[in-house]
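Engineer: let's see this in three dimensions:
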Amino acid sequence: FVRNVTLGGVVASILEETDSVVVVEAGHGLAGNVTIVLTSDTGATVTLIDGFEYAAIGVIDQVKPGSGQIGTQVVINGTGLRGAGSEVVRVTLDGIDGIIVSESDSEITILAGRGNLSTIAGSTVVFADTGARTTKQSSWSYLEEGVIQSVQPSVGQ
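Structural biologist: Take a look at the predicted model:
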């Protein structure tokens, strides 16, 4: 059994393991090529030099507007939002999924999902097809949804 996997000296979480495949989730490391080291429960090691490349960590610079309700168009600007992958597959605002309208490595437009009134700003999280997550803390608040109380006149043309 594999006891430990490191990517450039950073411990990775083992998600799945068979006799021929080990699936891990990389910890945070500095951008660049790194050596992979697998250590078995007996202490034996297997090494692959330059076996993995850490991409630069994505950054969310701006979430505009910073508050809204269901259907609000939200634009997220930053760098590396695709997490070294080919697309953004999910975006959450304060834990609620938005609908992706368009996406690139530097800008994402979404429509906010239905959320409860926020008293404290929550996080914006971008999920890439590589499994990478980019987060901006305290960047989105849900406002109370508007209510139509009456219409005058209620009939017309």
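Engineer: burial count for residue 114?
Structural biologist: Residue 114: 11 surrounding residues under other Cβ atoms under 10 Å. For every residue, glycine as well, the C-beta is placed using N, CA and C.
Engineer: which ones are touching residue 33?
Structural biologist: By Cβ atoms under 8 Å, 6 or more residues apart in numbering, residue 33 lies in contact with 50, 52, 53.
Engineer: who wins for neighbours among those?
Structural biologist: Highest neighbour count within the contacts of residue 33, by other Cβ under 10 Å: residue 52, with 17 neighbours.
Engineer: state the helix or strand in which that residue lies.
Structural biologist: strand 45-54 (DSSP states H and E).
Engineer: okay, now the sheet partners of that strand, with direction.
Structural biologist: Strand 45-54 has the following strand partners under DSSP bridges: strand 32-40 (antiparallel).
Engineer: work out the gap between the partner strand and the centre of the chain.
Structural biologist: Centroid separation for strand 32-40 versus its chain: 24 Å, with Cα atoms, centre = their mean, to the nearest Å.
Engineer: stretch 84-101 too?
Structural biologist: Distance, centroid of stretch 84-101 to centroid of chain: 7 Å (Cα atoms, centre = their mean).
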